[in-house]
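>>> no FASTA, just this:
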């Protein structure tokens with residue numbers, strides 16, 4: 001459109017100029033004639049006006065013929081003489097061309113009037129637009145204090161609220177949720193510099209910038225296998241997730257949970273992507289194992305796979321202690337599994353509104369010690385069975 005607009009303006013200007021030229025020329029050729037060319041009173045008949053126009057046209061033609069003749073006499077070349085002879089032998093052509101370009105006087109007058117009105121409307125519209133722009137500027141200058149107040153308010157409400165600090169309004173006023181900064185400050189001051197933090201990739205940049213800790217995946221992770229590995233760990237049972245994170249040298253796991261305050265963009269609502277991305281790389285993760293009637297449910301209707309995965313446990317650990325029921329305000333129903341214990345992870349920090357929860361992997365020696373106890377118990381039982389095997393069974 002920017003390329004065609006100048007061409008259209010130029011063509012419209014040319015067409016307007018040609019229209020004015022044709023209309024004014026038509027009016028010129030149909031002007032009233034002088035008295036010496038008027039017919040006498042005895043010859044005044046109904047067709048006298050037409051005869052007058054014929055005589056004027058013939059007179060003009062004769063004048064043109066004389067001019068052409070004089071020009072041809074002055075030229076000495078034969079070629080010019082032939083051209084003048086040809087032009088002189090056809091005196092009807094210019095008269096025909098003039099007749100083709102001549103319009104009736106009434107039509108010419110109406111056309112000129114229409115073009116003048118069209119140009120006048122365009123000029124009025126242009127002036128009106130200038131006046132409207134001027135009046136708008138005056139109005140803005142007069143209302144400048146109110147404009148500044150409105151702009152500051154709009155910027156404060158719509159543009160100045162960063163995603164790291166969340167706000168909400170209710171019947172009791174404005175609520176500010178600064179849980180993200182609270183959790184990153186805890187990581188920065190209570191963990192080692194070389195500790196690695198595992199979370200979903202959405203919080204990778206924030207953890208790196210604000211907590212100054214290494215993450216497994218972040219917003220710039222292009223390797224799909226890395227993201228699928230974290231998704232698989234979150235979708236696996238607690239023991240399998242511990243093994244995955246331990247192989248990645250992870251010390252802490254961070255999850256975002258909105259069930260207490262009704263924050264919908266938490267990890268439970270993002271969990272479907274963890275399952276799908278993880279299942280795309282690791283076939284043992286199957287999405288249908290987590291679905292109940294086509295939905296990811298965490299209430300009593302949730303599947304055993306869903307209620308036993310690591311994401312469910314890290315989000316809802318001790319959640320029933322908040323209200324005694326375990327009512328999830330983001331999903332708007334009570335959770336299915338309320339009272340359970342963690343065996344491979346321990347809670348180290350939860351923010352004020354439970355939006356961010358941080359867990360630490362238990363050391364491997366604690367897990368091995370539990371296995372050794374089981375082995376010792378089983379070995380003692382077998383030794384007792386062997387000792388009692390020498391005694392005679394009274395029931396035999």
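In hand now; what should we look at? In this text, all values refer to a predicted model and were calculated from it rather than measured experimentally.

>>> host element of residue 269?
Under the criterion of DSSP states H and E, residue 269 resides outside all helices and strands.

>>> that one contacts residue 315, correct?
No: under the criterion of CB atoms under 8 Å, residue 269 makes no contact with residue 315, lying 10.7 Å away. From N, CA and C alone the C-beta is placed, and that goes for glycine too.

>>> okay, these two: which has more neighbours?
residue 315 (22 against 15; other CB atoms under 10 Å).

>>> distance check, that one against residue 281.
23 Å (CB to CB, to the nearest Å).

>>> over to residue 263?
29 Å.

>>> tell me which of these two has more neighbours.
The residue with more neighbours, out of residue 263 and residue 281, is residue 263; 20 against 15, by other CB under 10 Å.

>>> pLDDT score for that one?
What the model reports as pLDDT for residue 263 is 93.

>>> now for it: which residues touch it?
When contacts are counted by CB atoms under 8 Å, 6 or more residues apart in numbering, residue 263 is found next to 166, 177, 256, 257, 330, 355.

>>> give me that answer again for 7 Å
330, 355 (CB atoms under 7 Å, 6 or more residues apart in numbering).

>>> could you measure from it over to residue 20?
71 Å.

>>> equivalent analysis for residue 169, please.
Where residue 20 is concerned, residue 169 sits at a distance of 66 Å (CB to CB).

>>> what about these two, which has more around it?
More crowded of residue 169 and residue 20, by other CB under 10 Å: residue 20, with 15 against 8.

>>> what residues does residue 354 make contact with?
Applying CB under 7 Å, 6+ apart, the residues contacting residue 354 are 257, 260.

>>> which SSE is it in?
Assigned by DSSP H and E, residue 354 falls outside every helix and strand.

>>> report pLDDT for it.
Predicted confidence (pLDDT) for residue 354: 96.

>>> ditto for residue 394
Looking at residue 394, its pLDDT is 32.

>>> helices or strands up against the helix or strand hosting residue 25?
Using DSSP H and E, residue 25 falls within helix 4-29. If contacts are counted by 3 or more CB pairs under 7 Å, 6 or more residues apart in numbering; DSSP states H and E, helix 4-29 sits against helix 92-101, helix 105-142.

>>> again, only this time at 10 Å
Judged by 3 or more CB pairs under 10 Å, 6 or more residues apart in numbering; DSSP states H and E, helix 4-29 is in contact with helix 48-74, helix 92-101, helix 105-142.

>>> each with direction, which strands does the host helix or strand of residue 255 pair with?
Element membership for residue 255, per DSSP H and E: strand 252-256. Strand pairing for strand 252-256, using DSSP bridges, gives strand 196-198 (parallel), strand 356-361 (antiparallel).

>>> of those strands, which is nearest residue 16?
strand 356-361 (70.6 Å; CB to CB).

>>> the closest one: which residues count as buried?
The neighbour-count check on strand 356-361 (16 or more other CB atoms under 10 Å) flags 356, 357, 358, 359, 360, 361 as buried.

>>> so residue 242 makes contact with residue 233?
Yes: between residue 242 and residue 233 there is a contact under CB atoms under 10 Å: 8.6 Å.

>>> which of those two has more neighbours?
Comparing residue 242 with residue 233 by other CB under 10 Å, the one with more neighbours is residue 233, at 25 against 22.

>>> list the contacts for that one?
Residue 233 makes contact with 198, 216, 240-245, 247-248, 250, 253, 274, 278, 309-311, according to CB atoms under 10 Å, 6 or more residues apart in numbering.
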